[in-house]
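>>> From the sequence below, what's the structure:
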Amino acid sequence: MNQVQFIQSLEEGGFPEPTIISREADGFLDQHAHGFEAKAFVLSGQITLQVDGTASLYREGEIFHLPAGQMHAELYGPQGVQYLVGRKE
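Okay, the predicted model is just below:
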């Protein structure tokens, strides 16, 4: 899936206009949850999500999905990460 297809899938899923998020190199966010569902397409860099004791790495061109209320931690790669995300309440 490319970026255009991802945006189309967000629209079809009822997500509002997506936002670009940039995170710093080698940064992290400790365990937390969001009050919204998130679907994201990695534009550059990489992000590791730790969910229920399992770490999953996402790189450029890959998609990750977090349901609302899902506890997780985020770790950003050596070049940081930039991703396009749709957030739905």
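>>> use CA for all of it now, contacts and neighbours both
Noted.
>>> Nearest the middle, which residue of the protein would you pick?
The chain has A40 as the residue nearest its centroid, 4.0 Å off, counting by CA atoms, centre = their mean.
>>> by contact count, what packs against the strand ranked longest in the chain?
Secondary structure of the chain read by DSSP state E shows that its longest strand is strand 72-88. Under the contact definition 3 or more CA pairs under 8 Å, 6 or more residues apart in numbering; DSSP states H and E, strand 72-88 sits against strand 19-23, strand 28-32, strand 37-51.
>>> Would you list the phi and psi of G35?
The phi/psi pair for G35 (degrees, to the nearest 10) reads phi -90, psi 20.
>>> swap that for Q3, sorry
According to degrees, to the nearest 10, Q3 has phi -60, psi -40.
>>> and the gap between the residue sitting furthest away from the middle of the chain and Q5?
Residue farthest from the centre of the chain, counting by CA atoms, centre = their mean, is E12 at 18.2 Å. In this structure, E12 and Q5 are 10 Å apart, going by CA to CA, to the nearest Å.
>>> E37 too?
19 Å.
>>> and what of A33?
From A33 across to Q5, the span is 27 Å (CA to CA).
>>> So between these two, which is more surrounded?
Using other CA atoms under 10 Å as the criterion, A33 and Q5 rank with A33 on top: 15 against 10.
>>> isn't the more buried one right up against P67?
No - if you go by CA atoms under 8 Å, A33 and P67 don't touch, sitting 9.2 Å apart.
>>> leaving aside the residues next to it on the chain, what's closest to L29?
Nearest-residue entry for L29: E74, 5.1 Å, with adjacent residues in sequence omitted and distances by CA to CA, 6 or more residues apart in numbering.
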